[in-house]
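**Student:** Return a 3D structure for these sequence lines:
(one chain, ligands or ions: 2)
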Amino acid sequence: MNITKIDKWPIENTGRPLLVAGPCSAESEEQLLEIAKGLKEIGVEIFRAGVWKPRTRPNSFEGMGEKALVWLQKVKEQFGMKLAVEVANAKHVEMALNAGVDMLWIGARTTVNPFAVQEISDALESRDIPVFVKNPINPDLELWIGAIERLQKAGITKIAAIHRGFSSYRKIRYRNEPQWQIPIELKRRIPDLPLIVDPSHISGDVAFIQEIIQKAMDLNYDGMIVESHNNPAVALSDAKQQVTPDALGTIMSELILRSREHNSENLNDNLSELRDMIDDFDEQLLDLLENRMQIAKTIGQYKKENNITVLQNKRWDQILQKNINRGKTKGLSEHFISTVFKAIHQESINNQENIMND
Ligand code: PEP
Ligand code: MN
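**Tutor:** Ligands and ions are numbered 1, 2, ... in the order given. A predicted model of the protein is given here:
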């Protein structure tokens with residue numbers, strides 16, 4: 001992967017996770033100043049606010065537009081906070097930069113669109129402003145990386161990724177499906193890229209903000225961007241997911257920040273012993289999968305010779321049910337077992353189809 005090292009900005013050796021907070025949308029000057037005052041008191045240094053809002057349906061509140069930038073300047077003057085605003089096109093970039101906005105973020109509905117990301121990147125050409133890139137609404141890691149690469153090619157070096165979850169048609173506990181494995185894979189692919197969690201858009205509900213932030217911290221995320229409103233009940237957008245500055249203060253004070261390194265010798269020894277065991281089991285799992293796949297291929301050959309279809313629905317349904325039930329007795333969740341077995345089954349089918357069409 002052709003990616004150059006990304007500056008460690010904005011975390012730079014503080015040891016503390018980055019905290020960005022502010023309302024979903026800038027609604028009025030009074031609202032912004034009131035929220036900023038509360039957030040300043042709990043130590044927030046970067047103030048977020050949506051000025052142009054990408055909304056699912058027309059006739060929803062679409063943001064206050066350019067005049068909100070003037071209100072935001074007052075936040076900066078009065079509280080000395082840095083400002084972060086969402087941009088979706090070149091015009092937004094120009095207006096935000098002219099208004100002295102310090103950082104930009106690209107929203108989930110924009111990251112999906114390479115034309116839009118390219119337009120923003122071109123508008124930013126060699127302006128070294130920090131840019132946060134939200135994950136696209138669809139679970140497509142390459143698209144997320146592609147947006148980051150477009151910014152890098154335009155000479156932007158201060159880039160961070162924001163994990164805000166992925167749209168789902170299934171009914172789930174949260175507003176958006178976190179799919180933690182995707183940002184984890186992003187971090188594996190680009191280790192120097194700071195990763196920030198957006199618990200507000202993942203959860204869609206204040207009740208889950210704390211658990212999501214804690215989980216992200218346990219996964220070594222570098223910071224968080226949280227929606228906060230002085231009076232969430234009357235917020236013009238995303239009312240259910242905005243916490244008050246006070247509530248955010250409580251969440252932050254209860255956050256458990258665990259050490260990323262383990263320094264005690266003893267702990268190291270115990271951990272490495274356990275990790276050796278995990279490595280052993282992984283090897284065994286691979287051997288088992290290899291053997292299972294060999295059998296599946298032999299069955300594929302048999303099906304071909306006897307001219308029967310690859311998929312035998314009844315048999316597959318039995319396998320899945322049997323293993324889900326067995327899994328339960330072993331404390332393995334239905335979701336986990338069904339994900340694993342569906343992946344194994346899909347791979348068997350692919351192999352058998354190759355044999356059929358050989
Ligand atoms: C937002 O941060 O207010 C926003 C619109 O988020 P997203 O792009 O994640 O939906
Ligand atoms: Mn929002």
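**Student:** Report the beta-bridge partners for the residue nearest the centre of the chain.
**Tutor:** When the chain is reduced to its mean C-alpha position, the closest residue under CA atoms, centre = their mean turns out to be residue 163, at 1.8 Å. Taking DSSP bridges, one finds residue 197 as the beta-bridge partners of residue 163.
**Student:** same question, residue 19
**Tutor:** With DSSP bridges as the rule, residue 19 is bridged to residue 224.
**Student:** Residues of the chain that sit close to ligand 2?
**Tutor:** Applying CB under 5 Å from the ion, we find that the chain lies next to ligand 2 at 24, 238. Just so you know, the C-beta spots here come from the backbone N, C-alpha and C atoms, and that holds for glycine as well.
**Student:** and whatever residue of the stretch 251-358 of the chain ends up closest to ligand 1, which of the three is it?
**Tutor:** The minimum distance from the stretch 251-358 of the chain to ligand 1, using CB to the nearest ligand atom, falls at residue 251 (17.9 Å). With DSSP: H, G, I helix; E, B strand; the rest coil as the basis, residue 251 sits in helix.
**Student:** Double-check that residue 11 belongs to a helix.
**Tutor:** No. Assigned with three-state DSSP, residue 11 falls outside any helix and is coil.
**Student:** List the contacts of it.
**Tutor:** Listed by CB atoms under 8 Å, 6 or more residues apart in numbering, the contact set of residue 11 reads 17-18, 194, 222-223.
**Student:** Identify the farthest-apart pair in these.
**Tutor:** Maximum pairwise distance in the contacts of residue 11, criterion CB to CB, is 9.8 Å, between 17 and 194.
**Student:** any common contacting residues for those two?
**Tutor:** By CB under 8 Å, 6+ apart, residue 17 and residue 194 have these common neighbours: 11, 222-223.
**Student:** Pull the contacting residues for the residue of the stretch 251-358 of the chain closest to ligand 1.
**Tutor:** Residues near residue 251 by CB under 8 Å, 6+ apart: 209-210, 213, 243.
**Student:** Apply 7 Å and report the result again.
**Tutor:** Neighbour list for residue 251: 209-210, 213 [criterion: CB atoms under 7 Å, 6 or more residues apart in numbering].
**Student:** And residue 17 and residue 194? Which one has more around it.
**Tutor:** residue 194 (25 against 20; other CB atoms under 10 Å).
**Student:** For the more buried one, give its distance to residue 8.
**Tutor:** According to CB to CB, to the nearest Å, residue 194 and residue 8 sit 7 Å apart.
**Student:** List the residues that contact the closest residue to residue 222 other than its chain neighbours.
**Tutor:** Using CB to CB, 6 or more residues apart in numbering and skipping the chain neighbours, the partner closest in space to residue 222 is residue 194 (4.1 Å). When contacts are counted by CB under 7 Å, 6+ apart, residue 194 touches 8, 10-11, 160, 222-223.
**Student:** how does it look with 8 Å?
**Tutor:** Applying CB under 8 Å, 6+ apart, the residues contacting residue 194 are 6, 8-11, 18, 160-161, 222-223.
**Student:** Turn these into CSV, columns for distance to residue 332 and pLDDT.
**Tutor:** Output for those, formatted as CSV (distance: CB to CB, whole Å; pLDDT from 0 to 100):
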residue, distance to residue 332, pLDDT
6, 38, 75
8, 38, 75
9, 41, 78
10, 40, 75
11, 36, 73
18, 36, 95
160, 35, 96
161, 31, 98
222, 32, 94
223, 33, 96
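**Student:** from those, which is closest to residue 300?
**Tutor:** residue 161 (41.0 Å).
**Student:** Tell me which helix or strand the closest one sits in.
**Tutor:** Using DSSP states H and E, residue 161 sits in strand 159-163.
**Student:** Report all helices and strands that that strand contacts.
**Tutor:** Strand 159-163 sits against strand 131-134, helix 141-153, helix 181-189, strand 195-197, with contacts defined as 3 or more CB pairs under 8 Å, 6 or more residues apart in numbering; DSSP states H and E.
**Student:** For the stretch 101-250 of the chain, which residue gets nearest to ligand 2?
**Tutor:** Nearest residue of the stretch 101-250 of the chain to ligand 2: residue 238, at 3.8 Å (CB to the ion).
**Student:** ok, that residue touching residue 24?
**Tutor:** Yes. Between residue 238 and residue 24 there is a contact under CB atoms under 8 Å: 4.0 Å.
**Student:** Which residue of those two possesses the greater neighbour count?
**Tutor:** The neighbour comparison of residue 238 against residue 24 (other CB under 10 Å) goes to residue 24, with 24 against 19.
**Student:** Now do the same contact list for the more buried one.
**Tutor:** Listed by CB under 8 Å, 6+ apart, the contact set of residue 24 reads 50, 53, 200, 227, 229, 235, 237-238, 241-242.
**Student:** Quick check: the gap between it and residue 235.
**Tutor:** Here residue 24 is placed at a distance of 6 Å from residue 235 (CB to CB).
**Student:** so what sits against both of these two?
**Tutor:** Counting by CB under 8 Å, 6+ apart, the common neighbours of residue 24 and residue 235 are 229, 242.
**Student:** Mind giving me the packing neighbours of the helix or strand of the chain with the lowest mean pLDDT?
**Tutor:** Taking mean pLDDT, DSSP states H and E as the measure, helix 265-306 is the helix or strand of the chain with the lowest mean score, a mean of 90. Secondary-structure packing of helix 265-306 (3+ CB pairs under 8 Å, 6+ apart): helix 334-356.
**Student:** The helix it packs on: which residues count as buried?
**Tutor:** 337, 341, 344, 348, 351-352, 355 (16 or more other CB atoms under 10 Å).
**Student:** Contacts for that helix next, please.
**Tutor:** Outside helix 334-356, the residues touching it (CB under 8 Å, 6+ apart) are 289, 292-293, 296-297, 299-301, 303-304, 310-311, 316, 319-320, 323-324, 327-328.
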